[in-house]
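J.: When you get a sec, could you give me coordinates for this:
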Amino acid sequence: MSSRRKKSFIKRFSIFILLYLTSTFLIIPNISAFFGRVKINDNYRLKAHNFITKLCNRDYVTPELQNVLTDVSLRVNKEYPKLKVIYLDANFPFFDGFPLLPHLSHNDGKKIDLSFIYKDNQGNLTNSKPTNSGYGIFEEPKKHEISKTKKCKENGNWQYDFTKYFTFDNSHKNLKLSEKATKTLIQKILMNNNVSKLFIEPHLKTRMGLKDRRIRFHGCQAVRHDDHIHFQIK
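T.: Numbers count the residues shown, from 1 in each chain. This next block holds a predicted model:
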């Protein structure tokens with residue numbers, strides 16, 4: 001590449017980056033309301049796990065879901081003042097039906113993934129997560145527990161655990177799931193009557209003693225949910 005072409009490329013790329021960042025952080029948050037979406041309001045109780053989520057505009061929800069998130073984060077904060085509710089993928093800012101790949105249903109502003117709550121080697125609860133993406137380190141079923149992963153893959157659903165390839169760094173993989181705190185988080189979510197469904201793997205539902213009818217199995221056509229919580233509103 002000649003020096004002139006290189007300079008031209010750098011100039012055009014720089015302009016693209018400037019326009020993209022301006023749109024992402026200044027323009028889109030102000031026009032998303034016309035499509036029934038709002039950018040999630042991060043604060044000391046509620047936070048995106050990864051800046052990429054915000055950079056790629058994957059942090060939009062309906063105002064009703066924003067209200068649920070605010071309610072959940074307040075309830076969790078009262079019980080665990082040092083913890084934040086950490087969200088992963090939500091929805092794009094525009095157009096119902098536009099897929100948020102690789103998710104099957106994050107397309108109407110009413111769905112969101114939350115991270116489990118973990119503890120460090122000293123047993124202290126932490127806001128850190130095992131992977132940079134928030135996905136891919138699974139809470140495997142024990143020998144006496146039902147393994148939907150095994151059954152789904154035996155039935156030809158090869159994609160069921162493919163998120164293990166999308167951890168994007170798992171330097172904190174030694175963190176352990178806090179079943180108690182994660183159960184509390186799920187219970188706080190389900191306290192809101194506007195919540196219609198919540199997905200986690202069946203073996204974790206059983207292990208945590210969760211009985212709410214809104215806790216469902218998401219189906220073998222999706223990906224496994226023993227690395228995060230998915231919930232949605234009516």
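J.: by contact count, what packs against the longest helix seen in the chain?
T.: With residue count as the measure and DSSP state H as the assignment, the chain has helix 3-22 as its longest helix. Contact analysis of helix 3-22 by 3 or more C-beta pairs under 8 Å, 6 or more residues apart in numbering; DSSP states H and E lists no helix or strand as a packing neighbour. Bear in mind the C-beta positions are built from the backbone N, C-alpha and C, glycine included.
J.: list the buried ones in the helix or strand following that helix?
T.: Along the chain past helix 3-22, the next helix or strand (assigned with DSSP states H and E) turns out to be helix 28-31. Buried residues in helix 28-31, counted by 16 or more other C-beta atoms under 10 Å: I28, P29.
J.: cool, stretch 170-184 as well?
T.: The neighbour-count criterion (16+ other C-beta under 10 Å) identifies N170, L175, L177, S178, E179, A181, T182, K183, T184 as the buried residues of stretch 170-184.
J.: distance between the ends of it?
T.: Its start and end residues considered, stretch 170-184 measures 25 Å (C-alpha to C-alpha, to the nearest Å).
J.: Over to stretch 141-152?
T.: One end of stretch 141-152 to the other measures 14 Å (C-alpha to C-alpha).
J.: what's next to it, contact-wise?
T.: Outside stretch 141-152, the residues within contact range by C-beta atoms under 8 Å, 6 or more residues apart in numbering are 138, 140, 160-161, 201-203, 206-207, 217, 220, 224, 226.
J.: one step back: of the buried residues of stretch 170-184, which is the nearest to Y60?
T.: The shortest distance between Y60 and any of the buried residues of stretch 170-184, using C-beta to C-beta, involves T182 and amounts to 25.1 Å.
J.: Next SSE downstream of the helix or strand the closest one falls within?
T.: T182 belongs to helix 179-190 when assigned by DSSP H and E. For helix 179-190, the following helix or strand on the C-terminal side (DSSP H and E) is strand 195-199.
J.: How about the secondary structure of L101?
T.: Of the three states, L101 takes coil under DSSP: H, G, I helix; E, B strand; the rest coil.
J.: OK, contacts around it?
T.: Applying C-beta under 8 Å, 6+ apart, one finds that L101 lies in contact with no residue.
J.: ok, it to F217 distance?
T.: For L101, the distance to F217 equals 22 Å [C-beta to C-beta, to the nearest Å].
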